[in-house]
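Asks: no FASTA, just this:
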């Protein structure tokens, strides 16, 4: 069903990096969500009124808030699709994240209001009536929400949309909420205890938790979290595919909203390479990354003196020593100054964020290694780096 809807309503649906195509995906997701949630609200509200079930009515208004969220989402996708301009040179893609925050605010308000109503029902219980029709309607709601979750999850993964993935998660929470409402309704057959009010509170908690999760994920995107590990690995594979590129470091990916990323890195190449040919190679790699991934890439080349066997041997030993300190350390931009006196080794060390060692202690360890192996007076000049893609899974 998902693929059929995409083929019918999203033109050029394979070109997921195009902002207009992303907008079409967003509009499709929103319209489907609006239709399904409004129908579920009407159905559940009628059932809730007929059975006097606060948990079913709570679940109905949860669906209504989901429908309102879909409207906000559709507006957000349209804003995000606006082209770059003088005031926003990187486009408006982050409007999707602001949209997600608005959705979370609506969910929070609805959740706390329903929590209050359910608590009042515990204090002042009301007799509820179970009917087969109400049970069937709630069962149908579960099936619809499971399909909506799969629908938005598939679209969200296809276009890498945090909003759609959040919507899919919200639909999964709705399934649990509806099952809780059904349990409260069924319990009325066996007990006069206010199970319905308890289930209403459970539903409210799930609604509030869904809002919290959306806020957390969205704030992470706005603050700047590491790029997806699969994405960074793909960049590394493309950059190092040519044998003339010896290594890659200082990879940084800036996210200006889904479909709008800018990245940079340092690529190592032999200093004996033809400069003009190397420049053309780097340009072609940048174009390839943009064509395949939609990422604006800038590559800086670092020369490596591969003809200096002594320097390469020292680098290997220092790299091995770095790994003995912490298996996650890496060394790059290595140079050796070996005049008439003791040698000086200049290099960068990439240190994980969670490394407990202090930089001065790491420096002392490297200096000790240098003096022990290359004579008194041998020293290191170290620049400590971080891996900006670290921690992304």
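Replies: Looks like it came in fine. Here the structure is a predicted model, which is why all the values come from computation and not from measurement. Residues are numbered from 1 along each chain as shown.
Asks: how is this protein partitioned into domains?
Replies: 2-223, 232-303, 308-393 (automatic domain parsing).
Asks: make JSON lines from those domains and add mean pLDDT and mean neighbour count to it.
Replies: In short, each C-beta sits where N, CA and C put it, glycine included. Formatted as JSON lines, those follow (pLDDT from 0 to 100; neighbours: other C-beta atoms under 10 Å):
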{"stretch": "domain 2-223", "mean pLDDT": "82", "mean neighbour count": "19"}
{"stretch": "domain 232-303", "mean pLDDT": "90", "mean neighbour count": "16"}
{"stretch": "domain 308-393", "mean pLDDT": "89", "mean neighbour count": "15"}
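Asks: just confirm residue 336 is within a helix.
Replies: No: going by DSSP: H, G, I helix; E, B strand; the rest coil, the assignment for residue 336 is strand, not a helix.
Asks: pretty sure it sits against residue 347.
Replies: No: between residue 336 and residue 347 there is no contact under C-beta atoms under 8 Å: 9.0 Å.
Asks: who touches both of those two?
Replies: Among the neighbours of residue 336, those also in contact with residue 347 (C-beta atoms under 8 Å, 6 or more residues apart in numbering) are residue 315.
Asks: can you tell me the helix or strand for the residue lying closest to residue 99 once chain neighbours are set aside?
Replies: Nearest in space to residue 99, with sequence neighbours left out and distances taken as C-beta to C-beta, 6 or more residues apart in numbering, is residue 76 at 2.7 Å. Element membership of residue 76, judged by DSSP states H and E, is helix 54-80.
Asks: packing partners of that helix?
Replies: helix 19-51, helix 95-123, helix 132-159, helix 162-187, helix 195-223 (3 or more C-beta pairs under 8 Å, 6 or more residues apart in numbering; DSSP states H and E).
Asks: and the shortest one, how far out from the chain's middle?
Replies: In other words, helix 162-187. 22 Å (C-alpha atoms, centre = their mean, to the nearest Å).
Asks: can you check the last one too?
Replies: For helix 195-223, the distance between its averaged C-alpha position and the chain's averaged C-alpha position is 18 Å (C-alpha atoms, centre = their mean).
Asks: ok, now stretch 367-380?
Replies: The answer for stretch 367-380 is 44 Å, by C-alpha atoms, centre = their mean.
Asks: who's in contact with it?
Replies: Residues contacting stretch 367-380 (C-beta under 8 Å, 6+ apart): 314, 317-318, 321, 341-347, 363, 366.
Asks: end to end, how far does that stretch reach?
Replies: 6 Å (C-alpha to C-alpha, to the nearest Å).
Asks: and if you look at stretch 82-102?
Replies: First-to-last residue span, stretch 82-102, C-alpha to C-alpha: 19 Å.
Asks: likewise for stretch 372-384?
Replies: End residues of stretch 372-384 are separated by 22 Å (C-alpha to C-alpha).
Asks: can you give me the offset of it from its chain's centre?
Replies: 41 Å.
Asks: and for stretch 231-244?
Replies: For stretch 231-244, the distance to the chain centre is 22 Å (C-alpha atoms, centre = their mean).
Asks: list of residues touching that stretch?
Replies: For stretch 231-244, using C-beta under 8 Å, 6+ apart, the contacting residues are 245, 247-248, 251, 253, 263, 265, 267, 269-270, 273, 278, 281, 285, 288-289, 292-293, 295, 297, 299, 389, 392.
Asks: redo that, cut-off 6 Å
Replies: 248, 267, 269, 285, 288, 289, 389 (C-beta atoms under 6 Å, 6 or more residues apart in numbering).
Asks: tell me which residues touch the nearest residue to residue 105 once chain neighbours are set aside, please.
Replies: Spatial nearest neighbour of residue 105, chain neighbours left out: residue 211 (7.6 Å); criterion: C-beta to C-beta, 6+ apart. Counting by C-beta under 6 Å, 6+ apart, residue 211 makes contact with 104, 107, 108.
Asks: give the contact list for the last one.
Replies: So that's residue 108. Counted by C-beta under 6 Å, 6+ apart, residue 108 has contacts residue 211.
Asks: how about residue 371, secondary structure?
Replies: helix.
Asks: tell me how far it lies from residue 92.
Replies: 56 Å (C-beta to C-beta, to the nearest Å).
Asks: before we move on, what about residue 260?
Replies: The value you get for residue 260 to residue 92, if C-beta to C-beta is used, is 9 Å.
Asks: what do you get for residue 378?
Replies: Relative to residue 92, and taking C-beta to C-beta, residue 378 is found at 55 Å.
Asks: also residue 299?
Replies: 27 Å.
Asks: and for residue 212?
Replies: Relative to residue 92, and taking C-beta to C-beta, residue 212 is found at 26 Å.
Asks: same deal with residue 27?
Replies: Distance from residue 27 to residue 92, by C-beta to C-beta: 16 Å.
Asks: try residue 137
Replies: 41 Å.
Asks: same check on residue 240?
Replies: Relative to residue 92, and taking C-beta to C-beta, residue 240 is found at 34 Å.
Asks: residues touching residue 207, list them.
Replies: 62, 107, 111.
Asks: check contacts around the second one.
Replies: Shown in contact with residue 107 (C-beta under 6 Å, 6+ apart): 207, 210, 211.
Asks: with respect to residue 31, which of the residues you listed is nearest?
Replies: residue 210 (21.3 Å; C-beta to C-beta).
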